[in-house]
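Visitor: Here is a sequence with its predicted model. Questions after.
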Amino acid sequence: MQLQLQAIIDALGGELHGDGRLTIEGLASLEAASPRQLSFLSNPRYQQQLGSTQAACVIVAPQFRDAAASRGACIVAADPYLYFAKVTQLWRKAQVVVPGPAIHPSAVIDPDAVIDPTARIGPLCVVERGARIGAHTVLKSRVSVGEHCVIGDRCILHPGVVIGADGFGFAPNAGAWEKIEQLAAVTIGNDVEIGANTCIDRGALQDTVIEDGVKLDNLIQIGHNVRIGKHTAMAGCAAVAGSATIGAHCTIGGRAGILGHLTIVDNVHISATSLVTRSILKPGHYTGVFPLDDNATWEKNAASLKQLYKMRERLKALEKAHDGAPVNKSEQ
């Protein structure tokens, strides 16, 4: 497929330097782009690639206008990364796709489920009794939506997503476990995207809630009764234990873990692989990762860390003894 630069400008705006009739045949990174492809520069650390790229046109911020224009065509935008994201959407819409059936013949839909006529249900999906799927929502292959779960409008659920599996609830009983029935469901807002093989458990007594605009990567576990606020994004393999509340506009790095019954306020950013063991009540960037080192040094540091409490108590005792000792005039 092809798009002329002027068609991109007409659709998305921006400041074009170069021939609007130039035809673009694909999108690529600066390093890999061919002379018929469009690329972008959003991170200044890669600006040296601007001079060497073969791209037909590059999307740049205003500070790189002159450098980009000196090498060829460019589009100047306030936020090149956001502009490139919109170009990918434009590219997708321009592709000729022959639509299949709205509901694939292999999908299993309970008669009591409610599917909006504009929704699309992929191969081998299961939608159970009382579930509701909103307008223009897409379920890719092998998605399971449990009974009475609700998915809003314009959502995308990638292959293998499970919505409404039982939450992990068991009561100890004489050395065994007694199941706590999970009686609530999952409520998902509008414009939510959920990555492949992510699982969102149903609530025990109140629904697990995923608010509008949330973006979840692949292989994420969301426990029962969790609430995730609007436009929060979580990277792959993150896990949230039951009854945790995460605010709006947060970011959770890959493989991060959040313990149950904690509260994280709006605009909190958690680094990858961090473990959140306490509530976070102030916006900001938080990290909790033991530093990587060669194994021998790491073992020594870990052993020292185990003695940290004893060392603290010894230091307090020494400080107390010093405070009560006579003052040496030579120290004055």
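Guide: Sure thing, it's come through. Computed from a predicted model, the values in this text were never measured in an experiment.

Visitor: Report the separation between the residue nearest the centre of the chain and Gly195.
Guide: Nearest to the geometric centre of the chain sits Met234, at 2.8 Å (Cα atoms, centre = their mean). Using Cβ to Cβ, to the nearest Å, Met234 is found at 9 Å from Gly195. C-betas here are computed from N, CA, C, even on glycine.

Visitor: Between those two, which contacts overlap?
Guide: Common contact partners of Met234 and Gly195 (Cβ atoms under 8 Å, 6 or more residues apart in numbering): Leu216, Asp217, Ile220.

Visitor: Among those residues, which one sits closest to Gln2?
Guide: Set against Gln2, the nearest of those by Cβ to Cβ is Asp217 (31.8 Å).

Visitor: what sits against that closest one?
Guide: Gly195, Thr198, Met234, Ala235, Gly236, Cys237, Ala238, Gly254.

Visitor: Just the endpoints, please. Distance across stretch 35-43?
Guide: Start and end residues of stretch 35-43 are separated by 21 Å (Cα to Cα, to the nearest Å).

Visitor: tell me the average confidence for it?
Guide: Per-residue pLDDT over stretch 35-43 has a mean of 95.

Visitor: Likewise for stretch 149-158?
Guide: Computed over stretch 149-158, the average pLDDT equals 98.

Visitor: Distance from that stretch to the middle of the chain?
Guide: On the basis of Cα atoms, centre = their mean, to the nearest Å, stretch 149-158 sits 16 Å off its chain's mean C-alpha point.

Visitor: List every C-alpha atom in that stretch, with coordinates, as PDB.
Guide: The C-alpha trace of stretch 149-158 is given here as PDB (Å, rounded to 0.1, in the frame of the first residue of the first chain):
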ATOM      1  CA  CYS A 149     -18.700  -9.700  32.900                       C
ATOM      2  CA  VAL A 150     -19.100  -6.400  31.000                       C
ATOM      3  CA  ILE A 151     -16.700  -5.100  28.400                       C
ATOM      4  CA  GLY A 152     -17.300  -1.500  27.200                       C
ATOM      5  CA  ASP A 153     -17.100   0.100  23.800                       C
ATOM      6  CA  ARG A 154     -14.100   0.100  21.400                       C
ATOM      7  CA  CYS A 155     -12.000  -2.400  23.400                       C
ATOM      8  CA  ILE A 156      -9.500  -4.800  22.000                       C
ATOM      9  CA  LEU A 157      -8.800  -8.100  23.700                       C
ATOM     10  CA  HIS A 158      -5.900 -10.000  22.200                       C
END
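
Visitor: Next, the residues that contact that stretch from outside, please.
Guide: 116, 128, 131-140, 143, 145, 163-164, 185-196, 198, 202, 212, 218.

Visitor: Just the buried residues out of those, in PyMOL syntax.
Guide: Selection of buried members from those for PyMOL, criterion 16 or more other Cβ atoms under 10 Å:
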select buried, resi 128+131+132+133+134+137+138+139+140+143+145+163+164+185+186+187+188+189+190+191+192+193+194+195+196+198+202+212+218
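
Visitor: Identify those among the contacts of stretch 149-158 that sit within strands.
Guide: Members of these lying in strands (criterion: DSSP state E): Arg132, Ile133, Val138, Leu139, Val145, Ile163, Gly164, Val186, Thr187, Ile188, Glu193, Ile194.

Visitor: which residues does the second one contact?
Guide: To tie it back to what came earlier, the one meant is Ile133. So Ile133 contacts Ala113, Val114, Ile115, Asp116, Ala119, Ile121, Val127, Leu139, Val145, Ile151 (Cβ under 8 Å, 6+ apart).

Visitor: would JSON lines of the residues you listed with distance to His158 be doable?
Guide: Shown next, in JSON lines, are the contacts of Ile133 (distance: Cβ to Cβ, whole Å):
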{"residue": "Ala113", "distance to His158": "20"}
{"residue": "Val114", "distance to His158": "22"}
{"residue": "Ile115", "distance to His158": "18"}
{"residue": "Asp116", "distance to His158": "19"}
{"residue": "Ala119", "distance to His158": "15"}
{"residue": "Ile121", "distance to His158": "14"}
{"residue": "Val127", "distance to His158": "16"}
{"residue": "Leu139", "distance to His158": "9"}
{"residue": "Val145", "distance to His158": "13"}
{"residue": "Ile151", "distance to His158": "13"}
